[in-house]
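Visitor: quick one: sequence and predicted model below, then my questions.
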Amino acid sequence: MAAYMPSGSAAEAGFTYLGVLLLIAVTGIALGSTVTLWSTQALRERERDLLWVGTQYAQALRSYYRDSPGLAQYPQTLDELLEDPRYPNLKRHLRRLYPDPVTGSDDWGLLRSIDGRITGVYSQSDLTPLKQTGFAAQWSDFEGLEHYSDWQFVAEKAFSESAAGGRKGLTQGAAQ
């Protein structure tokens, strides 16, 4: 006994199968594009965070230097920005130590003066920044730099200029 199969049903099943395969392929492409867009957006947010956090460190280092009792100097450790040991009462230049938004690590690259004191920080990420132009005037020298590690957040412009073309004139150290 042969099973009854209406004419055309095998052809319709084939078209349905092809339609489902096409739907799966289109959905996969759309999901891939969404993941790429989400990843790019997340990196842009980390860049914005890096600029904000780097500015906080630069301002704290500047405050530490300018508020020095007696001889003006920079801190030896980042912890000194939280609790300035030069004052009898609690004096803060930074609310808390921030992690590097790009790497997620607490280990910042440190720019140091000749006497070993911290004059600036930079991310240790070798990723290429998405942002290449449109920086605030304070960080306009970041334009066109190839790596996040080239974005140096220094307390005073003189340190940034002495480091032009790399980190010349500054001793690098590992973060605390």
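Guide: Noted; the coordinates are in hand. Note that the structure is predicted; figures quoted are calculated from it, not measured.

Visitor: helices of this protein, start to end?
Guide: Using DSSP state H, the helices of the chain run over residues 9-66, 157-162.

Visitor: in space, what's closest to the residue nearest the centre of the chain - neighbours in sequence excluded?
Guide: Centrality entry for the chain: nearest residue to the mean C-alpha point is Val102, 3.3 Å, by C-alpha atoms, centre = their mean. Spatial nearest neighbour of Val102, chain neighbours left out: Ser125 (4.3 Å); criterion: C-beta to C-beta, 6 or more residues apart in numbering. Placement of C-beta: from N, CA and C, glycine included.

Visitor: the one you found contacts Glu146, correct?
Guide: No - contact criterion C-beta atoms under 8 Å: Ser125 and Glu146 do not qualify, at 11.5 Å.

Visitor: more neighbours: which of those two?
Guide: Each of Ser125 and Glu146 has its neighbours counted (other C-beta atoms under 10 Å); Ser125 has more, 20 against 11.

Visitor: one step back: wait, which of the helices of the chain is closest to Pro75?
Guide: For Pro75, the closest of the helices of the chain is helix 9-66, at 5.4 Å, according to C-beta to C-beta.

Visitor: so what's the gap between that closest one and the chain middle?
Guide: Centre-to-centre, helix 9-66 and its host chain are 16 Å apart (C-alpha atoms, centre = their mean, to the nearest Å).
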